[in-house]
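In: Coordinates for the following, if possible.
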Amino acid sequence: MVSSDEPRGGNGGRIAWNLFGFALPLAIAAAAIPQLLSLIGSERFGYLALAWGVIGYASVIDLGIGRAATRLVSCLRGGGHRDRIPDVVASAAWLTRVTGAIGMLALVAAAWLGAHRLVPSAVVPERELQLALLFLALALPMQAMSATWRGVNEAWLNFAPVNLLRVLLGAANFGGPWLVALFVQDLHWLVATLVVSRAAALACYRGFALRCLRRAGLGTGRFAAGPARQLLHFGGWHSLSSLLNPLLVQADRFLIGALVSAAAVTAYVIPYELAVQCLVLSGAVTSVAFPLISQLLQSDAERAACLFRSWQRRLGLAMAVAMGTLAWFMPDLLHVWLQGRVPGESVVVGRILCAGVFFNSVGAMYFALLHAQGKTRQTALLHLLEVPPYLVLLWLLIGQWGVVGAALAWSMRVSLDAAALACLCRDRASHPHAGGTRVPALR
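Out: Here you go, the predicted model:
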């Protein structure tokens with residue numbers, strides 16, 4: 001049943017919008033990157049890629065407040081306490097303004113202290129690098145605040161405008177620097193386009209969210225200690241996962257480079273990127289599942305359980321077909337993509353990773369359910385416990401079997417991770433209201 005203040009359209013349509021929003025920027029990037037690389041050269045492009053990475057890491061600076069806002073607003077909508085939502089939104093916006101400002105000041109200080117010298121340059125002048133860092137500092141609070149307003153939109157299942165904006169932002173991410181590079185190649189002007197696009201995105205996310213509030217007959221709120229504590233408790237544990245995630249994702253390629261060779265990294269990364277792009281499907285589903293299950297847990301726990309099981313089955317079937325097909329055609333796809341220059345072990349690596357991606361997508365649904373129940377502490381501690389044995393396993397298997405060993409280690413980790421998440425959800429999937437999923441009173 002869709003409430004009157006909620007965007008129309010079924011869950012299938014919302015998932016389709018998410019798939020559109022996640023997948024199209026990837027296609028835009030694939031088309032734009034070669035053009036941009038030819039215009040600005042490999043060194044400036046490398047610095048620009050680092051700038052994209054720093055902006056992406058702003059999800060840590062916001063302390064998980066955006067995801068926390070999605071859950072808390074969803075729960076208040078489902079529990080019939082909509083009058084408390086404005087204070088939650090105002091508190092989340094205030095917190096991310098503060099954390100974003102701290103991140104900005106830290107990056108400004110790093111620029112003046114010479115952080116740009118950490119990555120040596122043979123082409124880009126030092127002053128250009130310093131100015132680029134200062135411009136980049138302006139983008140951090142905008143990115144952090146955008147996460148909060150996007151989270152409010154997702155709590156209202158307002159996916160159509162959010163994903164249209166995601167596509168436009170993806171286009172601006174690559175198209176902005178490309179347009180500027182037609183006239184000037186200075187790095188700071190390339191980075192300035194990222195600041196402009198983040199400012200526009202922030203204004204749009206905020207406008208969409210405020211429209212949802214007005215449609216529900218809700219006004220503006222104020223900062224309140226009760227909502228702020230709940231947001232920080234949920235978001236803080238989520239931030240720990242966000243801090244650990246790059247280590248879990250990137251450690252394999254660094255160890256391959258250290259233990260084997262740089263050429264081996266290429267043989268591993270190419271099939272890896274081909275396989276993990278299929279996770280846009282699970283991302284499209286879980287982005288809808290998280291706020292919707294959070295909302296239903298407050299009013300209809302059995303319906304939430306049925307919805308979870310239904311989506312888990314459908315996603316599992318879709319990913320099994322997708323990854324089985326990809327594994328079967330892996331040699332042909334790599335041959336076409338690389339124009340016949342396929343590294344010898346890449347096909348085996350790709351097929352092993354396809355199995356891992358399937359289990360990763362299964363685990364993603366359990367992850368969404370746990371977060372809908374407010375169980376960020378359990379997932380963060382699980383990721384913390386995974387890091388040491390995974391690094392040891394990577395070291396041993398890469399030393400034994402090279403890139404094939406790295407693929408085995410990654411697939412084993414995500415498979416065990418999915419099993420552990422399923423164990424954490426045991427009994428809660430059939431009784432998802434157990435374990436204190438109700439939102440405590442806000443004071």
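In: Least confident secondary structure element in this structure?
Out: Across the helices and strands of the chain, mean pLDDT, DSSP states H and E gives its lowest value to helix 58-61, namely a mean of 70.
In: low-scoring pLDDT stretches of the stretch 201-350 of the chain, where are they?
Out: Regions of the stretch 201-350 of the chain meeting the criterion pLDDT under 70 cover residues 242, 246-247, 250, 262-263, 337-343.
In: Setting the sequence-adjacent residues aside, check what's closest to I65.
Out: In space, I65 comes closest to G235 once its chain neighbours are excluded; the distance is 4.6 Å by C-beta to C-beta, 6 or more residues apart in numbering. Placement of C-beta: from N, CA and C, glycine included.
In: I meant to write H371 there.
Out: When the adjacent residues along the chain are set aside, H371 lies closest to F290, with 6.1 Å between them (C-beta to C-beta, 6+ apart).
In: what sits against the one you found?
Out: R67, T70, R71, S74, E154, A368, H371, A372 (C-beta atoms under 8 Å, 6 or more residues apart in numbering).
In: And for L274?
Out: By C-beta under 8 Å, 6+ apart, the contact set of L274 is L326, M330, L333, L334, W337, G350.
In: pretty sure the fourth one is touching V349, no?
Out: This means L334. No: in this structure L334 lies outside contact range of V349 using C-beta atoms under 8 Å: 10.0 Å.
In: Wait, A137 touches M104, no?
Out: Yes: contact criterion C-beta under 8 Å: A137 and M104 qualify, at 4.7 Å.
In: So which of the contacts of F290 wins on neighbours?
Out: Each of those was scored by neighbour count (other C-beta atoms under 10 Å); the top score is that of R71, with 30 neighbours.
In: Give me the three-state assignment for it.
Out: Here R71 is recorded as helix under DSSP: H, G, I helix; E, B strand; the rest coil.
In: same deal with L218?
Out: Using three-state DSSP, the secondary structure recorded for L218 is coil.
In: Equivalent analysis for the one 5 residues further on, please.
Out: The local conformation at F223, judged by three-state DSSP, is coil.
In: How much space separates it from H233?
Out: Spatial separation of F223 from H233 under the definition C-beta to C-beta, to the nearest Å is 16 Å.
In: Would you mind pulling the contact partners of stretch 346-354?
Out: For stretch 346-354, with C-beta under 8 Å, 6+ apart as the criterion, the contacting residues are 267-268, 270-272, 274-276, 323-324, 326-327, 330-331, 334, 403-404, 406-408, 410-411.
In: returning to that earlier point: among the contacts of F290, pick out the one closest to G100, please.
Out: Of all these, the one with the least separation from G100 (C-beta to C-beta) is R67, at 15.7 Å.
In: Pull the distance from the host helix or strand of the closest one to the chain's centre.
Out: When elements are defined using DSSP states H and E, R67 is found to belong to helix 65-78. Helix 65-78 sits 17 Å away from the centroid of its parent chain (C-alpha atoms, centre = their mean, to the nearest Å).
In: would you put the C-alpha positions of it in PDB?
Out: Listed next in PDB are the C-alpha coordinates belonging to helix 65-78 (Å, rounded to 0.1, in the frame of the first residue of the first chain):
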ATOM      1  CA  ILE A  65      24.700   9.800   9.100                       C
ATOM      2  CA  GLY A  66      23.100   9.600   5.600                       C
ATOM      3  CA  ARG A  67      22.300   5.800   6.000                       C
ATOM      4  CA  ALA A  68      21.300   6.400   9.600                       C
ATOM      5  CA  ALA A  69      18.800   9.100   8.500                       C
ATOM      6  CA  THR A  70      17.400   6.600   5.900                       C
ATOM      7  CA  ARG A  71      16.600   4.100   8.600                       C
ATOM      8  CA  LEU A  72      15.400   6.400  11.300                       C
ATOM      9  CA  VAL A  73      13.100   8.400   9.000                       C
ATOM     10  CA  SER A  74      11.800   5.100   7.500                       C
ATOM     11  CA  CYS A  75      11.100   3.700  11.000                       C
ATOM     12  CA  LEU A  76       9.300   6.900  12.100                       C
ATOM     13  CA  ARG A  77       7.100   6.700   9.000                       C
ATOM     14  CA  GLY A  78       6.300   3.100   9.600                       C
END
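In: Show me the chain divided up by domain.
Out: 8-223, 244-431 (automatic domain parsing).
In: In a markdown table, list those along with distance to R229.
Out: Output for the domains of the chain, formatted as a markdown table (distance: least, C-beta to C-beta, whole Å):
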| stretch | distance to R229 |
| --- | --- |
| domain 8-223 | 9 |
| domain 244-431 | 13 |
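In: The stretch 301-443 of the chain: helices as residue ranges?
Out: With DSSP state H, counting those that start in this stretch as the criterion, the stretch 301-443 of the chain has helices at 301-337, 346-372, 376-401, 403-425.
In: Show me what counts as buried in the first one.
Out: Of the residues in helix 301-337, those scored as buried under the neighbour-count criterion (16 or more other C-beta atoms under 10 Å) are 301, 304-305, 307-308, 311-312, 315-316, 319, 322-323, 326-327, 330, 333-334.
In: Same check on the last one?
Out: Buried residues in helix 403-425, defined by neighbour count with 16+ other C-beta under 10 Å: 403-418, 420-422, 424-425.
In: separation between R206 and V162?
Out: 12 Å.
In: who has more neighbours, these two?
Out: More neighbours surround V162 than the other of R206 and V162, with 22 against 18 (other C-beta under 10 Å).
In: Can you tell me the SS state at the more buried one?
Out: Judged by three-state DSSP, the three-state class of V162 is helix.
In: was I right about it contacting N153?
Out: Yes: because the distance of 4.9 Å satisfies C-beta under 8 Å, V162 is recorded as touching N153.
In: list residues touching both of those two?
Out: With the criterion set as C-beta under 8 Å, 6+ apart, the overlap between the contacts of V162 and N153 is Y205, F208.
In: OK, contacts around the residue nearest to I65?
Out: For G235, the residues meeting the contact criterion (C-beta under 8 Å, 6+ apart) are D62, L63, G64, I65, G66, R67, A68, T376.
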